[in-house]
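Chemist: coords below, sequence missing:
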């Protein structure tokens, strides 16, 4: 899946579904299953980073997800400001 396809998928969601929490369900090569809410989209590399709750990376992944969101919100703000100034 490409990042732009993921964007289209999210944009096509029913408005009520956009408030749902995401949960990753992972099946390992040994057929072990774990789920977690520690999900981060690394937009630079096109990877989805998932960390199990008891892993060393759980808190780091959540922190980095917050940083990715801050960056995305800044980019959205810049795009909106650019659109406003181009209409005047």
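Modeler: Thanks, I have the structure now. Since the structure is predicted, the reported quantities are computational estimates derived from the model, not experimental observations.

Chemist: So which elements touch the longest helix along the chain?
Modeler: The single longest helix within the chain, with elements called by DSSP state H, is helix 58-87. If you count contacts as 3 or more C-beta pairs under 8 Å, 6 or more residues apart in numbering; DSSP states H and E, helix 58-87 packs onto strand 39-42, strand 47-50. (Each C-beta comes from the backbone N, C-alpha and C, glycine too.)

Chemist: which regions of the protein sit below the pLDDT cut-off?
Modeler: Scanning the chain for pLDDT under 70 picks out the ranges 86-88.

Chemist: Swap in 50 and give it another go.
Modeler: By pLDDT under 50, the chain contains no weakly predicted segment.

Chemist: If we go by neighbour counts, what in the longest helix of the chain is buried?
Modeler: 58, 61-62, 64-65, 68 (16 or more other C-beta atoms under 10 Å).

Chemist: wait, is residue 17 part of a strand?
Modeler: No: counting by DSSP: H, G, I helix; E, B strand; the rest coil, residue 17 is not part of a strand but helix.

Chemist: how near is it to residue 3?
Modeler: The spacing between residue 17 and residue 3, counted by C-beta to C-beta, to the nearest Å, is 20 Å.

Chemist: same thing with residue 41?
Modeler: In this view, residue 41 and residue 3 are 8 Å apart by C-beta to C-beta.

Chemist: In terms of neighbours, single out the busier of those two.
Modeler: Using other C-beta atoms under 10 Å, the more surrounded residue of residue 41 and residue 3 is residue 41, with 17 against 10.

Chemist: Against residue 11, how distant is the more buried one?
Modeler: For residue 41, the distance to residue 11 - C-beta to C-beta - is 15 Å.

Chemist: And for residue 38, the neighbour number?
Modeler: 20.

Chemist: show me what contacts it?
Modeler: Residue 38 is in contact with 24, 50-53, 57-58, 61-62, 65, counting by C-beta atoms under 8 Å, 6 or more residues apart in numbering.

Chemist: Dump the buried residues of helix 58-87 into TSV; add distance to residue 85 as well.
Modeler: Supplementary listing: the buried residues of helix 58-87 in TSV, determined by distance: C-beta to C-beta, whole Å:
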residue	distance to residue 85
58	42
61	37
62	35
64	32
65	31
68	26
